[in-house]
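[1] here are the coordinates; sequence isn't available:
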């Protein structure tokens with residue numbers, strides 16, 4: 001697999017999003033790397049991670065692979081193939097995702113995903129207080145898919161917020 005840095009990408013092909021959580025960076029970091037937590041929140045609306053398909057090896061070079069299945073039409077599935085390339089607990093997770101071929105196997109086409117977590121004052125539905133600012137950077141992605149990708153992340157973060165709130 002070829003590799004690259006997010007900084008080397010054309011800015012038009014990079015999606016950046018900032019989300020604020022009323023939780024610590026460690027709690028959010030754990031939700032990304034703990035298989036029992038990850039399957040509870042990840043996925044866009046009407047999609048779930050199939051638990052027995054998840055391989056999560058949270059070390060540099062480790063795999064994060066799973067299949068998502070549509071709730072209402074289970075024949076629609078989406079395989080995900082990622083490798084951790086950088087980790088700094090609880091501040092940074094960076095992956096390279098190998099996009100699937102039409103047959104569902106990993107291809108040589110890579111997309112970068114970086115999650116940065118910073119403890120800060122956060123503004124959430126609960127008000128203003130101590131929390132975490134999550135900065136997501138993903139690319140290369142054609143501009144035509146930025147809106148759909150962002151909607152998927154926002155849906156996932158609704159699930160993550162519910163999971164974090166339930167643990168308080």
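    Nice, thanks for sending it over. Small disclaimer: the values here were computed from a predicted structure and weren't measured.

[2] going forward, measure contacts between C-alpha atoms and count neighbours the same way
    Fine.

[3] Show residues contacting stretch 64-75.
    Identification of contacts with stretch 64-75 by C-alpha atoms under 8 Å, 6 or more residues apart in numbering yields 43, 46-51, 53-58, 76-84.

[4] let's see it at 7 Å
    Defining contact as C-alpha atoms under 7 Å, 6 or more residues apart in numbering, one finds that stretch 64-75 is touched by 46-50, 53-57, 76-83.

[5] Mark which of those are buried, thanks.
    Buried members of these, counted by 16 or more other C-alpha atoms under 10 Å: 47-49, 54-57, 77, 79-83.

[6] So which of the residues you listed belong to strands?
    When DSSP state E is applied, the buried ones among the contacts of stretch 64-75 are split such that 47, 48, 49, 55, 56, 77, 79, 80, 81, 82, 83 fall in strands.

[7] would you turn those residues into JSON lines with pLDDT?
    What follows is these, written out as JSON lines (pLDDT from 0 to 100):
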{"residue": "47", "pLDDT": "97"}
{"residue": "48", "pLDDT": "96"}
{"residue": "49", "pLDDT": "98"}
{"residue": "55", "pLDDT": "98"}
{"residue": "56", "pLDDT": "97"}
{"residue": "77", "pLDDT": "95"}
{"residue": "79", "pLDDT": "97"}
{"residue": "80", "pLDDT": "97"}
{"residue": "81", "pLDDT": "98"}
{"residue": "82", "pLDDT": "97"}
{"residue": "83", "pLDDT": "97"}
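
[8] List just the nearest of these to residue 143.
    Distance ranking of these against residue 143, using C-alpha to C-alpha, places residue 80 first at 20.8 Å.

[9] where does residue 114 sit relative to residue 43, distance-wise?
    Separation of residue 114 from residue 43 (C-alpha to C-alpha, to the nearest Å): 17 Å.

[10] just to revisit the earlier point, how about the ones in strands among the buried ones among the contacts of stretch 64-75 in TSV, adding distance to residue 153?
    Listed next are those as TSV, based on distance: C-alpha to C-alpha, whole Å:
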residue	distance to residue 153
47	12
48	13
49	14
55	21
56	19
77	17
79	16
80	15
81	17
82	16
83	19
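
[11] Pick the one among those closest to residue 32.
    Of all those, residue 32 sits closest to residue 56, with 9.5 Å by C-alpha to C-alpha.
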